[in-house]
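**Student:** Task: produce atomic coordinates for the following.
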Amino acid sequence: MPSFDRAELDEMVQRWVAENKRCEELGDWTSLAAMYTADATYGWNYGPAQEFMAVGRDEIRELALGQEMDGLQGWSYPYQQFVIDDRSGDVIGFWKQISEAKRPDGRNYEVAGIGGSWFRYGGNYQWSWQRDFFDLGNVSALFVEMMQHNALSPGMQKRIARSMSATALPGWYPAGQAPVDIW
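**Tutor:** Just a heads-up that it's a prediction; the model follows:
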């Protein structure tokens, strides 16, 4: 496995964070697709029965950054810390997931626990793969709390209804059946 220039990896992380902030402000994350190699993969596990996988830059744009981020306008994902391995090109970023909606006490709704992304650097300021991890129990509990307080945006309500329909969404697979392994 080749080693990577540490300054280049640090710059990749800086570019990634800056573009994420810009996308959050726009409420559109699809431009992040340019930061993946043409054959990159992006996936995550969603409990014991489901996982998501986008294969290739176009699916990452359309599915992971489009379909799966739709309804999350007004949410931010501030990175808290990065761990960078310049020997392997692995980068792990730990982030929070915070809604602009406020609780009755004035605090923002925020997913408890640790969220993060594990990236593999592919050179030329692009990721060759990304795997996200988060606490599904905390995500579910937060959305239930937001429903109880009528704090879900119309976009998020539509997103939840879409995900609960009988029609399977593109990119979603029974656990262990995605076209690329999660890990």
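
**Student:** buried ones in the helix or strand of the chain with the lowest mean pLDDT?
**Tutor:** Across the helices and strands of the chain, mean confidence by mean pLDDT, DSSP states H and E is lowest for helix 154-163: a mean of 90. For helix 154-163, the neighbour count (16 or more other Cβ atoms under 10 Å) marks Met156, Arg159 as buried. In short, each C-beta sits where N, CA and C put it, glycine included.

**Student:** downstream neighbour of the longest strand seen in the chain in the secondary structure list?
**Tutor:** With secondary structure taken from DSSP state E, the chain has its longest strand at strand 36-45. Counting by DSSP states H and E, the next helix or strand C-terminal to strand 36-45 is strand 50-55.

**Student:** Sketch out the low-pLDDT regions of the chain for me.
**Tutor:** Low-confidence segments of the chain (pLDDT under 70): 1-2.

**Student:** Could I get the full set of helices for it?
**Tutor:** 6-26, 57-59, 136-148, 154-163 (DSSP state H).

**Student:** Asp85: which of those helices is closest?
**Tutor:** If you check each of the helices of the chain against Asp85 by Cβ to Cβ, helix 6-26 wins as the nearest, at 8.6 Å.
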